[in-house]
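Enquirer: Sequence below, structure please.
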Amino acid sequence: MRREHISYLDNIPINIQMLSIREYPIHWHQSIEILMVLKGSINVTVESDTYELVENEIEIINLEEAHSIFSDEENIVLLMHIDVDFFQKYYDDIKNIYFYTDCSFEGEPQVGPKYDMLKKYLSIILYEAVHKGEDYDIYVKDILVELLYLLINEFHYLLYENKDLKDNIEQLQRYHRIAKYIYNNYNNKISLQDIAKKEFLSAHYLSNEIKNALGISFQDFVNLTRAEESVKLLLDTDMTISEISEEVGFSHTRYYNKHFKRHYKMTPLQYRKKYRIDENKFQEITKIKSRNIDEVFDYIVPYLKDYDRYNYEEKIVKIYVNASRVQGDFIHDYKDTIILPRVHHILENGVCTCIKTLQKDLGFEYGKITDIFSKEMNIYNEGMMNFKKVKKVIDIILASELRPDIIFGQEDCTLDRYKELLVCFLKYFKEEYGSYEISKWRYTIDTEAMQEVKAMLSNVLENEYGLLIKEQHIYKHDVNPNYDTSYMIPFIIHQAINHKPWEKAKVIDELGEAENPTNAIFFGDRGLLNWEGLKKPSYYSYYFLSQLGDAVVAQGDGYIVTSKGEDFQVLLYTYNEDINKLQGHRDVTERNISLNITNLWRDYRVIKYEIDEQVSSCYGQWKAMGQPHLLKDEEMELLKLASMPRITLSFRKKKPILHMNVKIKGGAVLILFKA
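Expert: Alright, predicted model coming up:
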């Protein structure tokens, strides 16, 4: 029997071998086989065609395809068999579809993202199957499903001849129906006219289209299919040549001989005499050597470098915390300042609501405001001054339990007019709020203002009114796609707990900040809320920080533990690098944390908050929706609900060592121990 029976591994629908192959005679099997050459080269004959595969190339052997492998040089080959019954659970038509790869031997090198992804999936499946880590069978099956749809979308047999079909789903489905009909009815009398009638097309038109799609004419394709299918009967049965000819659909043995010889360069009888052997002879001429599967990792490491579970055991981060110790005070200086919207926008109801929401949850101390001397605030380059609109803004800021940090920069007026505006402003608000209140406000001079402007501002503010001033670079335009993502969470947390707070944080995104935005939802602005009030991941970084206590119990790489009274707070995060070095949506390595706490004082109620790009990120959820340019009101409300951190409640009794396993990827986990 040349049909090989494939035994699959426990719990997973694959079989993996690592071999050195000199001769592997013609055989076939009820599985999809993927070959990957790790070292050297091999020649693979599939049906009537032979291909040379060199190092790092892949060949896909489809269901029931007769094939053989031979080589004259030392080689190492990874063979992976996949149970098609598993694939059929997800794609009903899997047994009628074929997958082809390019061949560098024919001038089509295997390069590009689809081959990188194919090798990555194979490497991950291999890694999980060999190491058998926690839930390895689930991970293998999940990646197999991803592999299935990669094959369907990128390696479909019809795309091999006509890549334009990838963008024409209707045509792709039509030619697949036709090919499927031929594969399933090749042994019957079938005609182009019959198929044309089924597809409601003219026979002449369909004939040309089939040749474009399949690379050969309709009749040649039918006869090739018959010749290829006859190979199994030649090698695995005692049927006569005449019987085989009739079985596969040829009207006469003469036609069978003619078409078989066209593709196999010999007659069916010659082929049978050359290749038909019994089982003992098959085993005798088969020259394959099994190799230690662990050797494979020397070759596939490049495809595993971004895989979270690679070297899983080594990546467990062990954190030990003695709850009875205190290292010092935790200063919440990240709450010092938040950048408010442009001053005239603060008067808008939606913006005002966003400021109040943010303050209720986070409680910043100062809000930076700009453009108080602008036309939008009824302040002009000449004539009388009316600060009533500015006062409404200040009232909103103070009512939100903020104090203003007023930015003074270059203004579009004369220096004398600028000084007049400033003096009148200070007099007006001194009368409204009193000297003590305005002395608590902040006055910041933009470092980019002209020297004479800075000198005037310093003289009036500091010398004449005795107010404290500082110079600071003001970020006027800074858009970065990462500002919308969950990668901001560990970045902001890391900066904050190391007392280097992120000074660019704004209350809300402003559409005017973006240059040619592709959508009105997320466009890379620095707001903690998007312009419609959605809480972005960066919002929750501040929320997590605001839950920390006032005393540091322990702190290290990627974590801080604090206390307040008998309560404890643990904040864990995956901090990798400067946010400006992250390229949009790159993967972040998962951290597997073993948290061990000793000397807890009592039993605790435990609340755990989790957020990352896959879990509870409004940006991640928006991407999952297909990145729509606009959202309907009901979609916005659903997105708000879906964007809240995942919350888990539990109860922990007092023990000598309280142990928790926590996994984080590109985000943070906050654990509150409530007495």
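
Enquirer: all strands for the stretch 251-400 of the chain, in order.
Expert: Along the stretch 251-400 of the chain, counting by DSSP state E, counting those that start in this stretch, strands occupy 287-290, 316-322, 328-329, 337-339, 366-369.

Enquirer: The stretch 51-200 of the chain too?
Expert: 58-61, 67-70, 76-82.

Enquirer: Make CSV from these and add distance to Asn184 to it.
Expert: Just so you know, the C-beta spots here come from the backbone N, C-alpha and C atoms, and that holds for glycine as well. Below are these laid out as CSV (distance: least, Cβ to Cβ, whole Å):
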stretch, distance to Asn184
strand 58-61, 20
strand 67-70, 21
strand 76-82, 22
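
Enquirer: Between the ones you listed, which one is closest to Arg342.
Expert: strand 58-61 (55.6 Å; Cβ to Cβ).

Enquirer: just to revisit the earlier point, now tell me which of the strands of the stretch 251-400 of the chain the model trusts least on average.
Expert: The minimum mean pLDDT among those belongs to strand 316-322 (a mean of 88).

Enquirer: Can you point out the buried residues in that one?
Expert: 317, 319, 321 (16 or more other Cβ atoms under 10 Å).

Enquirer: show me the contacts for the last one.
Expert: Read that as Val321. Neighbour list for Val321: 553-554, 561, 570, 595-598 [criterion: Cβ atoms under 8 Å, 6 or more residues apart in numbering].

Enquirer: and with 10 Å instead?
Expert: Applying Cβ atoms under 10 Å, 6 or more residues apart in numbering to Val321 gives the contacts 553-556, 559, 561, 568, 570, 595-600, 658.

Enquirer: quick one: it from Leu572, how far?
Expert: According to Cβ to Cβ, to the nearest Å, Val321 and Leu572 sit 11 Å apart.

Enquirer: Give the intersection of the neighbour lists for those two.
Expert: Shared contacts of Val321 and Leu572 (Cβ under 10 Å, 6+ apart): 559, 561, 595.

Enquirer: Can you lay out those residues as a markdown table showing secondary structure?
Expert: Converted to a markdown table, the shared contacts of Val321 and Leu572 look like this (DSSP: H, G, I helix; E, B strand; the rest coil):
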| residue | secondary structure |
| --- | --- |
| Tyr559 | strand |
| Val561 | strand |
| Leu595 | strand |
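
Enquirer: out of those, which is most surrounded?
Expert: Val561 (28 neighbours; other Cβ atoms under 10 Å).

Enquirer: Show me what that one bridges to in the sheet.
Expert: On the basis of DSSP bridges, Val561 takes part in beta bridges with Ala554, Val570.

Enquirer: Does it touch Asp567 like I think?
Expert: No. The criterion here is Cβ atoms under 10 Å, and Val561 misses it with Asp567 at 11.5 Å.

Enquirer: out of everything not next to it in sequence, what's closest to Gly667?
Expert: Nearest non-adjacent residue to Gly667, counting by Cβ to Cβ, 6 or more residues apart in numbering: Asp612, 2.9 Å away.

Enquirer: Can you point out the helix or strand that includes the nearest residue to Val296 once chain neighbours are set aside?
Expert: Nearest residue to Val296 in three dimensions, chain neighbours excluded: Met18, at 5.4 Å (Cβ to Cβ, 6+ apart). In the assignment (DSSP states H and E), Met18 maps to strand 14-29.

Enquirer: Overlap of the contact sets of Val561 and Asp567?
Expert: Shared contacts of Val561 and Asp567, defined by Cβ under 10 Å, 6+ apart, are found at 549, 673.

Enquirer: now the helices for the stretch 551-675 of the chain?
Expert: 618-624, 633-642 (DSSP state H, counting those that start in this stretch).

Enquirer: Deepest-packed of the ones you listed, please.
Expert: Neighbour counts (mean count of other Cβ atoms under 10 Å) averaged over each of these peak at helix 618-624, with a mean of 20.

Enquirer: elements contacting that one?
Expert: The helices and strands touching helix 618-624, judged by 3 or more Cβ pairs under 10 Å, 6 or more residues apart in numbering; DSSP states H and E, are helix 537-546, helix 633-642.

Enquirer: what ranges of the stretch 451-600 of the chain fall below the confidence cut-off?
Expert: For the stretch 451-600 of the chain, the stretches with pLDDT under 70 are 513-514, 575-590.

Enquirer: Who wins on neighbours among the contacts of Val321?
Expert: With neighbours taken as other Cβ under 10 Å, the top of the contacts of Val321 is Val561, carrying 28 neighbours.

Enquirer: need the contact list for that one.
Expert: 319, 321-323, 325, 327, 330, 548-549, 551-555, 568-572, 595, 597, 671, 673.

Enquirer: follow-up on the earlier one: same list (the buried residues of strand 316-322) but as JSON lines, adding distance to Tyr8.
Expert: Below are the buried residues of strand 316-322 laid out as JSON lines (distance: Cβ to Cβ, whole Å):
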{"residue": "Val317", "distance to Tyr8": "35"}
{"residue": "Ile319", "distance to Tyr8": "40"}
{"residue": "Val321", "distance to Tyr8": "45"}
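
Enquirer: Which one of those is nearest to Tyr91?
Expert: Val317 (39.2 Å).

Enquirer: For the closest one, which non-adjacent residue is closest in space?
Expert: Once flanking residues are discounted, Val317 sits nearest to Ile593: 4.8 Å by Cβ to Cβ, 6+ apart.

Enquirer: show me the contacts for the one you found.
Expert: The contact partners of Ile593, taken as Cβ under 10 Å, 6+ apart, are 315-319, 558-559, 570, 572, 574, 660-664, 669.

Enquirer: which pair in those residues spans the largest distance?
Expert: By the measure Cβ to Cβ, Lys315 and Val570 form the most distant pair in the contacts of Ile593, at 19.3 Å.

Enquirer: Stretch 31-43: which residues count as buried?
Expert: For stretch 31-43, by 16+ other Cβ under 10 Å, it's 31-38, 40-42.

Enquirer: number of nearby residues for Ile152?
Expert: Residues near Ile152, counting by other Cβ under 10 Å, number 17.

Enquirer: Relative to Glu134, how far out is Lys654?
Expert: With distances taken as Cβ to Cβ, Lys654 is found 28 Å from Glu134.

Enquirer: ditto for Phe282
Expert: Using Cβ to Cβ, Phe282 is found at 41 Å from Glu134.

Enquirer: Thanks a lot, catch you later.
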